[in-house]
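# sequence and predicted model, in that order:
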Amino acid sequence: MASKSAQRTARAALTATAVSALLGAALPLPHAAADPETPSDASAALQKYNDLSHQAEALNEEHLRAQETLSNAQGSLDQANRDITTAQQAQEALRGQVDLLTEASFEGARFNELSALLVSDSRQDFLNRMSALGVLAGDNAEALQGLSDAVDLANDAARRATEAADAANQAIADIDQRKAALDGQITEAREAYRSLSSAERAALNNAGDMSAIPVPAGKAGEALAFALAQRGKDYVYGSNGPNTWDCSSLMQAAYRSAGIAIPRTTYSQATIGRQVSRNDVKAGDLIIYYSGQTHVAMAIDGIRAVHASTEGVPVKVQDIESIGPVDVIRRVVG
């Protein structure tokens, strides 16, 4: 009897497992561009949408990085142009001083030691004339050196301005190229989204956990509270809020609300603060995903994170591991 009972128990367990698997196949989990992989039993259309969305998000961050490069190059160009103006003004002032000293020498204001001795009326007069000669010689040498330094400064500023202009032009070309690639990728992703079934779109549009989630005290808690308050808002590539977000703009705005400035792109956000291990994750930590560092979420605790995933998926809470492969975790404060 005991043997038959064990067999019935085993058959019941096997049946339950099979039913669970069937239910899982019938109700695929919502999957965003940031998710590491689509369940094998999801539709081909959903798989294509996930792949295209992830590629579009990566291109979006690359486009933002190109804009950041342009901004830095433009700043360098502006500073170089200001340095050129300052150097040119210094040249004009010093050149005028040198011209005056040269003119004075032609008018007889300059004497050598012999002429000073010959025209002096007394020993004291000679000493006075020699002192004046020393002052004039010193002034002229100082003015000439200053003019030379100003010329060197102007040339250096002009060189830096040329380099900055070249960098800015390259950044502009890079932006144009990446923008064209991004637009094409977004179009493909949107077409793939429209091909999804109504059930798949509904699953993607589900905002998930909207319940009140406690946050810790301090700046990290303030940033997390802001991010959580954005749940349900739409993702838009390149958006900076306040009604739509992309992944990195949400993180930037969250910390800005706590009075802390962080960079705009995932690549730069992956370098701020200090690195912490997966086992040490705390509320407010930035979790950067994928080897290309193209997605970011904010930790709620050691299990969950809030993030803006991709177009067609609202800002939501998900398990940290379900979002994607973690590349690096950065603690902004503390």
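Received, thanks.
# excluding its backbone neighbours, what's nearest residue 277?
Leaving aside its chain neighbours, residue 277 sits nearest to residue 329 (7.2 Å; criterion: C-beta to C-beta, 6 or more residues apart in numbering). All C-beta atoms are positioned from the backbone trio N, CA, C, and that covers glycine.
# what comes up buried for the host helix or strand of that neighbour?
Using DSSP states H and E, residue 329 maps to strand 326-331. For strand 326-331, the neighbour count (16 or more other C-beta atoms under 10 Å) marks 326-327, 329-331 as buried.
# where are the low-confidence patches of the stretch 101-250 of the chain?
Scanning the stretch 101-250 of the chain with the threshold set as pLDDT under 70 gives 101-148, 150-151.
# what about the helices in it?
113-119, 123-194, 198-205, 219-229, 247-257 (DSSP state H, counting those that start in this stretch).
# tally of neighbours for residue 319?
Applying other C-beta atoms under 10 Å, we find 9 other residues in the vicinity of residue 319.
# likewise residue 243?
Residue 243: 9 neighbours (other C-beta under 10 Å).
# my guess is it meets residue 233, correct?
Yes - between residue 243 and residue 233 there is a contact under C-beta atoms under 8 Å: 6.1 Å.
# re the thing from before, which pLDDT value goes with the residue nearest to residue 277?
On pLDDT, residue 329 comes in at 98.
# any chance of the buried residues of strand 326-331 in CSV, plus distance to residue 207?
Output for the buried residues of strand 326-331, formatted as CSV (distance: C-beta to C-beta, whole Å):
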residue, distance to residue 207
326, 23
327, 26
329, 25
330, 26
331, 27
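# which two of these lie the greatest distance from each other?
327 and 331 (15.0 Å; C-beta to C-beta).
# show me what contacts the closest residue in space to residue 210 that isn't next to it in sequence?
Among residues not flanking residue 210 along the chain, residue 231 sits closest, at 5.8 Å (C-beta to C-beta, 6+ apart). Taking C-beta atoms under 8 Å, 6 or more residues apart in numbering as the contact definition, residue 231 lies against 207-210, 306, 314-317.
# now swap in residue 249 and tell me
Contacts of residue 249 by C-beta under 8 Å, 6+ apart are 239-241, 264, 308.
# let's see 6 Å
residue 240 (C-beta atoms under 6 Å, 6 or more residues apart in numbering).
# likewise the one 4 residues further on?
By C-beta under 6 Å, 6+ apart, the residues touching residue 253 are residue 241.
# gap between it and residue 295?
Distance, residue 253 to residue 295, using C-beta to C-beta, to the nearest Å: 16 Å.
# do the same with residue 195
23 Å.
# report how many residues lie close to residue 47.
16.
# same deal with residue 286?
26.
# I figured it hits residue 329, correct?
No - contact criterion C-beta atoms under 6 Å: residue 286 and residue 329 do not qualify, at 7.0 Å.
# quick one on the thing from earlier: neighbour count winner among residue 195 and residue 295?
Legend: neighbour count by other C-beta under 10 Å for residue 195 and residue 295, higher for residue 295 (29 against 15).
# so what's that one bridging to?
residue 289 (DSSP bridges).
# what pLDDT is listed against it?
pLDDT, residue 295: 96.
# that one reaches residue 247, doesn't it?
Yes - using C-beta under 6 Å, residue 295 is in contact with residue 247, at 5.4 Å.
# neighbours of residue 173, how many?
Neighbours of residue 173 under the rule other C-beta under 10 Å: 12.
# to clarify, my last question referred to residue 92.
12.
# now do the SS call for it.
helix (DSSP: H, G, I helix; E, B strand; the rest coil).
# how close does it get to residue 255?
47 Å.
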